[in-house]
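**Q** only geometry, no sequence info:
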Ligand code: SF4
Ligand code: SF4
């Protein structure tokens, strides 16, 4: 039997359904009443999670006042980012006279701290239907008519991620959210200076679901952990994006062998402290074939420990250091399917099957 295709609108995600948006709902507020009148099934579990300490607040088992203070400074600094006039002038002039504007845009992104970048058509399925994070615009319909998305990655530091799920990981997340925000704002302003529409999508200000767009832009594959797996960095990345009407050349999706390796690896799912990741097959989520994640269980664990965990990011065999040896192994996995099982065997032998934080 042929499955009916859901209407295009039903295939889009609503930001109000994300855990971050749900956890911003204040009991008794109009937004709280509105959301749970439409999603009564989510209310008991969300109310239970609300009884736990908030992220970056005392009470979590890995709470550390000094590291938390540093993390909060990065998050706070995002609101104060200013793009220097000299940077804006230099890059808008270079872009106006560029023979290959797409390369110039990527050069700009790398010069600002991105590790890789790609371009794709903006697939409407990955644009949220409604805003959900802040009471000011909760429920506002998102109308984003930019044809293209420029997507880039920043690297999460390898050594910092070895602490997962301790406090150091949330400090590293905050640092990279800040970096991605600053880079996206630079590009947004440069594109606008050339007379084009552009919008930066960064921490808490996303109109987009970024991982599938990064896949479409040729930056990697979606792993069993539901995080992007990128070449050279594995899951140790954060994604930033700018949507625009600037004419860019699109990249093609790439195969790193990750999808196939995830089929036999399972390391992230076995090490997930909240058992949120799937040990079985992929399912269809709004037309996207992926491994499901129990997001409520994952987020509840974050609140319990007071950090954003990161075990599934750090324990992934693709997340080893960006060096000659590991890049050679990544290349073998990509090129030769027969190497995948031996690679997992050696991974477990040398690094252990169980994740041990530093
Ligand atoms: S740990 Fe293994 S199963 Fe999980 S995302 Fe990485 S390669 Fe895939
Ligand atoms: S962040 Fe932690 S709790 Fe959440 S899915 Fe990953 S390993 Fe599991």
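**A** Arrived safely, thanks for sending. Note that the structure is a prediction, hence the values are computed from the model and not measured. Ligands and ions are numbered 1, 2, ... in the order given.

**Q** return the set of buried residues in the worst-scoring helix or strand of the chain on mean pLDDT.
**A** In the chain, no helix or strand scores lower on mean pLDDT, DSSP states H and E than strand 288-290, which sits at a mean of 87. By neighbour count on 16 or more other C-beta atoms under 10 Å, the buried set for strand 288-290 is 288, 290. C-beta: built from backbone N, CA, C; applies to glycine.

**Q** how far does it sit from its chain's centre?
**A** Centroid separation for strand 288-290 versus its chain: 16 Å, with C-alpha atoms, centre = their mean, to the nearest Å.

**Q** likewise stretch 198-215?
**A** Taking C-alpha atoms, centre = their mean, the mean C-alpha location of stretch 198-215 is offset from the chain mean by 8 Å.

**Q** and stretch 296-308, by the same measure?
**A** With C-alpha atoms, centre = their mean, you get 17 Å for stretch 296-308.

**Q** that one and ligand 1 in contact?
**A** No. Applying C-beta under 6 Å from any ligand atom, one finds stretch 296-308 separated from ligand 1 by no less than 13.9 Å.

**Q** buried residues in that stretch?
**A** Going by 16+ other C-beta under 10 Å, stretch 296-308 has these buried residues: 296-308.

**Q** ok, stretch 273-283 next?
**A** Buried residues in stretch 273-283 (16+ other C-beta under 10 Å): 273, 274, 276, 277, 278, 282.

**Q** in JSON lines: the residues you listed, plus secondary structure, distance to residue 104 and pLDDT.
**A** Putting those into JSON lines (DSSP: H, G, I helix; E, B strand; the rest coil; distance: C-beta to C-beta, whole Å; pLDDT from 0 to 100) gives the following:
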{"residue": "273", "secondary structure": "coil", "distance to residue 104": "44", "pLDDT": "98"}
{"residue": "274", "secondary structure": "coil", "distance to residue 104": "44", "pLDDT": "98"}
{"residue": "276", "secondary structure": "coil", "distance to residue 104": "41", "pLDDT": "98"}
{"residue": "277", "secondary structure": "strand", "distance to residue 104": "39", "pLDDT": "98"}
{"residue": "278", "secondary structure": "coil", "distance to residue 104": "41", "pLDDT": "96"}
{"residue": "282", "secondary structure": "coil", "distance to residue 104": "38", "pLDDT": "93"}
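
**Q** hmm, who's touching the least confident helix or strand of the chain?
**A** With contacts defined as C-beta atoms under 8 Å, 6 or more residues apart in numbering, strand 288-290 is touched by 125, 212, 222, 226, 282, 283.

**Q** the second one - how many residues pack around it?
**A** Neighbour count of residue 212, defined by other C-beta atoms under 10 Å: 18.

**Q** one more: the fourth one?
**A** By the measure other C-beta under 10 Å, the count of residues near residue 226 is 20.

**Q** what sits against it?
**A** 211, 277, 290, 291, 293.

**Q** where does it land in three-state SS?
**A** Here residue 226 is recorded as coil under DSSP: H, G, I helix; E, B strand; the rest coil.

**Q** now it: how far from residue 197?
**A** Distance, residue 226 to residue 197, using C-beta to C-beta, to the nearest Å: 31 Å.

**Q** check the third one too.
**A** Using C-beta to C-beta, one obtains 28 Å as the distance from residue 222 to residue 197.

**Q** hmm, back to that, which helices and strands sit right next to the next helix-or-strand element following the least confident helix or strand of the chain?
**A** Later in the chain than strand 288-290, the nearest helix or strand by DSSP states H and E is helix 295-305. Judged by 3 or more C-beta pairs under 8 Å, 6 or more residues apart in numbering; DSSP states H and E, helix 295-305 is in contact with helix 19-24, helix 43-50.

**Q** pLDDT wise, what is residue 5 at?
**A** Per-residue confidence at residue 5 stands at 50 (pLDDT).

**Q** ok, now the one 5 residues further on?
**A** At residue 10, the model reports a pLDDT of 66.

**Q** neighbour count: residue 222 and residue 197, which is higher?
**A** residue 222 (21 against 15).

**Q** test my guess that that one contacts residue 211.
**A** Yes. Counting by C-beta atoms under 8 Å, residue 211 is a contact partner of residue 222 at 5.7 Å.

**Q** overlap of the contact sets of those two?
**A** residue 228.

**Q** ranges for the strands of the stretch 1-150 of the chain?
**A** 116-121, 148-155 (DSSP state E, counting those that start in this stretch).

**Q** coming back round to it: please list which of the buried residues of stretch 273-283 also come close to ligand 2.
**A** With C-beta under 6 Å from any ligand atom as the criterion, these include 273, 274, 276, 277 near ligand 2.

**Q** how near is whichever residue of the stretch 51-200 of the chain sits closest to ligand 1 to ligand 2?
**A** Using C-beta to the nearest ligand atom, the closest approach of the stretch 51-200 of the chain to ligand 1 is made by residue 164 at 12.6 Å. As for residue 164, its distance to ligand 2 is 8 Å (criterion: C-beta to the nearest ligand atom, to the nearest Å).

**Q** spatially nearest residue to that residue (excluding sequence neighbours)?
**A** residue 310 (3.7 Å; C-beta to C-beta, 6 or more residues apart in numbering).

**Q** report the contact partners of that neighbour.
**A** Applying C-beta under 8 Å, 6+ apart, we find residue 310 in contact with 156, 161, 164, 165, 169, 172, 173.

**Q** for it, grab phi and psi.
**A** Reported as degrees, to the nearest 10, the phi and psi values for residue 310 are phi 80, psi 10.
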